[in-house]
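S.K.: could you work out the structure for the sequence below:
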Amino acid sequence: TLPREALDLACEALQVEGLRAGVAARLAQVPGIEALTSEELRIDALAHGVRVHEFGTERDFVLAAVRLNGMAIAHASEELREDKAIAREAAAQNGAALALLSEELRDTYSVAAAAVRQDGLALRFASEELREDRDLVLE
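M.R.: Residues are numbered from 1 along each chain as shown. Down below sits the predicted model:
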């Protein structure tokens, strides 16, 4: 886990397209930061509940995060956790993310199918109706 200073700097860095030289230099002074990619910084910031509103949009930030770690959806706002596209990406990256979604999304074929394709055991998190769906079971 990164220290708070690193998270603050990471969020500052992520508010622009790429790392500006001044921010990158400050980030480079934080112990252990050199081993992290910008994607890992985004995930770590999201995991700590940090919202990077200037990363295009918060939706873009969360979408990027769940593409790298589907379980990051647990830290998204309630509104974004209900976004089908974000839910589908999270489930496609980590089938277990299906367990973190609302009942409505767990009953959405495309979301459940993405989870099952990634990990067949994710079927247990789908709605009861979808667990009985032959096509989904064969995914």
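
S.K.: looking at this structure, which helix or strand does the model trust least?
M.R.: Evaluated with mean pLDDT, DSSP states H and E, the helix-and-strand set of the chain has its lowest mean pLDDT in helix 21-28, which scores a mean of 51.

S.K.: residues making contact with stretch 108-116?
M.R.: Under the contact criterion Cβ atoms under 8 Å, 6 or more residues apart in numbering, stretch 108-116 has outside partners 84, 87-89, 91-92, 95-98, 101, 105-106, 122-123, 125-127, 130, 133, 136, 139. Heads up, the C-betas are built off the backbone N, CA and C, glycines and all.

S.K.: residue ranges for the helices of the chain, please.
M.R.: Ranges of helices within the chain are 4-14, 21-28, 38-47, 58-68, 78-81, 84-93, 103-106, 109-118, 128-131, 134-137, based on DSSP state H.

S.K.: weakest of those by average pLDDT?
M.R.: Per-segment confidence across those bottoms out at helix 21-28, which has a mean of 51 in mean pLDDT.

S.K.: contacts only, for the closest residue to Arg117 other than its chain neighbours.
M.R.: Nearest in space to Arg117, with sequence neighbours left out and distances taken as Cβ to Cβ, 6 or more residues apart in numbering, is Glu139 at 5.4 Å. Residues near Glu139 by Cβ under 8 Å, 6+ apart: Ala113, Val116, Arg117, Gly120.

S.K.: going through the contacts of stretch 108-116, which ones are buried?
M.R.: 87-89, 91-92, 95-98, 101, 105-106, 122-123, 125-127, 130, 133, 136, 139 (16 or more other Cβ atoms under 10 Å).

S.K.: rewinding a little: quick one: which of the contacts of Glu139 is most hemmed in?
M.R.: In terms of neighbours by other Cβ atoms under 10 Å, the contacts of Glu139 top out with Val116 at 24 neighbours.
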